[in-house]
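A.B. asks: Quick one, structure for this:
(one chain, ligands or ions: 2)
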Amino acid sequence: MKTYLVTGGAGFIGSNFIHYMYRKYDNDIRIINVDCLTYAGNLENLRSVEDRENYSFVKADICDREAIEHIFDENDVDVVVHFAAESHVDRSIRNPEIFVQTNVLGTAVMLNAAKKAWELPDGGFKEGKKFLHVSTDEVYGSLPDDNNAFFYETSPIDPHSPYSASKASSDMLVKAYMDTYHFPANITNCSNNYGPYQFPEKLIPLIINNALQGKKLPVYGDGKNVRDWLYVDDHAKAIDMVIEKGRIGERYNVGGHNEKQNIEIIEIILDTLKEMLDDSDPRKAHINRDLITYVEDRKGHDRRYAIAPDKISKDIGWYPETMFKDGIKLTIKWYFENEKWMKNVTSGEYQKYYNDMYK
Ligand code: NAD
Ligand code: DAU
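C.D. replies: Ligands and ions are numbered 1, 2, ... in the order given. Reported below is the predicted structural model:
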């Protein structure tokens, strides 16, 4: 039975990944979820798996070397799936240091602990071990408007925000471990994810939540920045496939082939909300395009991201399966059914963040 050490499993993608893995492998795997529960970590996301015998949760900071080494000492970990990170670009612009600490130093601690646990006296590594580093397309910087340029695995690393610079640094560290020690790892660089359990500081859940409450919908700049949206389950599937089939030492881009301007996304959400809400629902009356409010642009706002997932399709057989029109309905349905989740995460600290960010 394979043992997975998942870091950041209480966050958005990590929790979706854990659900995906149990749906696929059920009792044939073991998962240890290591998360220090920042504002973005939420054990509510994992209620339905917490009583499983093949699941355990360890509250630990990935920067805490002793705590991380202890987990490796106590468990024969086969695969590390490293999600834990500070993930929000706007927060990184306001407070870059924690991004360097978690994303760079935390990754160094994870790499070193895995190396220590897995290396053999001859300098090689035990069979079947792998470190999967989950990264982002933002490390490639920004593409120009209106052209057919794409990010490939060979594109230059050119991060602009403190967040993407910290992720690029962590990618470089993983690469250094692969190059120097032949450490068994893969890097995946994924585009924007959406789906259940996403914290409403990110565009899609923020717009859904605000629209349902009749609050303004803040659009940065001219609203024409482009992101390449991928349904989170498709990302989970890609990670599982790279673990199983990815060639050690390789980097794989993961993307939705689904480029959309931010303003288009907002309009689709408004139309879909209208379509899905009952006529008798009082919220339906206040959902309209008048809520759209153009606000000051994000500093250093990357214009366009677009991933070419050719390599992962050709070498591994992965491709994005969920059309945006279907994925957004599944996402909105989840938020309709989980109003309490949204209420809990938007009370207290979130209000302070929101007022400060959008004042
Ligand atoms: P998230 O912010 O929702 O979750 C991050 C999780 O990491 C939280 O549970 C948090 O508590 C945990 N964490 C943070 N600091 C920690 C620390 N020091 N020790 C232990 N746990 C810590 O993030 P997400 O959107 O789920 O992103 C997960 C990963 O995927 C990140 O590495 C991110 O860079 C990458 N990624 C995200 C996207 C996206 O669209 N969200 C796209 C591509 C790549
Ligand atoms: O591309 C992958 C990245 O996608 C991940 O690495 C990051 O962890 C993840 O947060 C995401 O980064 P973005 O900055 O692209 O996502 P965000 O949801 O913050 O913003 C999406 C776009 O919407 C971006 O162009 C900024 C814009 N935006 C965002 C917010 C929160 C607005 O116009 N208004 C807003 O209120």
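A.B. asks: tell me the SS of residue 252?
C.D. replies: strand (DSSP: H, G, I helix; E, B strand; the rest coil).
A.B. asks: how far away is the closest residue to it other than its chain neighbours from residue 251?
C.D. replies: Distances taken as CB to CB, 6 or more residues apart in numbering place residue 312 nearest to residue 252, at 4.4 Å, with adjacent residues excluded. Bear in mind the C-beta positions are built from the backbone N, C-alpha and C, glycine included. Distance, residue 312 to residue 251, by CB to CB, to the nearest Å: 10 Å.
A.B. asks: Kindly report the same for residue 241.
C.D. replies: 15 Å.
A.B. asks: cool, and residue 67?
C.D. replies: 29 Å.
A.B. asks: Which one's more surrounded, these two?
C.D. replies: Between residue 67 and residue 251, counted using other CB atoms under 10 Å, the more crowded position is residue 251 (23 against 17).
A.B. asks: The residue lying closest to residue 99 once chain neighbours are set aside: what secondary structure?
C.D. replies: Ranked by CB to CB, 6+ apart and with sequence neighbours excluded, the top spatial neighbour of residue 99 is residue 166, at 4.2 Å. When classified by three-state DSSP, residue 166 comes out as helix.
A.B. asks: Please name the residues that touch residue 166.
C.D. replies: 85-86, 92, 96, 99-100, 102-104 (CB atoms under 8 Å, 6 or more residues apart in numbering).
A.B. asks: what's the answer for residue 266, then?
C.D. replies: Neighbouring residues of residue 266 by CB under 8 Å, 6+ apart: 207, 217, 219, 223, 292.
A.B. asks: Put the alpha carbons of stretch 120-132 into PDB.
C.D. replies: What follows is stretch 120-132, C-alpha atoms only, in PDB (Å, rounded to 0.1, in the frame of the first residue of the first chain):
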ATOM      1  CA  LEU A 120      20.700   4.800   0.300                       C
ATOM      2  CA  PRO A 121      24.300   4.500   1.500                       C
ATOM      3  CA  ASP A 122      25.600   4.500  -2.100                       C
ATOM      4  CA  GLY A 123      24.000   7.900  -2.700                       C
ATOM      5  CA  GLY A 124      21.100   6.400  -4.700                       C
ATOM      6  CA  PHE A 125      17.500   6.400  -3.600                       C
ATOM      7  CA  LYS A 126      15.100   3.700  -2.500                       C
ATOM      8  CA  GLU A 127      12.900   2.300  -5.200                       C
ATOM      9  CA  GLY A 128       9.500   3.800  -5.900                       C
ATOM     10  CA  LYS A 129       9.900   7.000  -4.100                       C
ATOM     11  CA  LYS A 130       8.800  10.300  -5.600                       C
ATOM     12  CA  PHE A 131       8.500  14.000  -4.600                       C
ATOM     13  CA  LEU A 132       5.800  15.800  -6.700                       C
END
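A.B. asks: what's the burial count for residue 279?
C.D. replies: There are 6 residues near residue 279, going by other CB under 10 Å.
A.B. asks: Just to be sure, residue 320 is in a strand?
C.D. replies: No. Counting by three-state DSSP, residue 320 is not found in a strand; it is coil.
A.B. asks: Get me the contact residues on the stretch 201-350 of the chain for ligand 2.
C.D. replies: 202-203, 206, 218-220, 225, 227, 262, 298, 305 (CB under 6 Å from any ligand atom).
A.B. asks: at 5 Å what do you get?
C.D. replies: 202-203, 218-220, 225, 262 (CB under 5 Å from any ligand atom).
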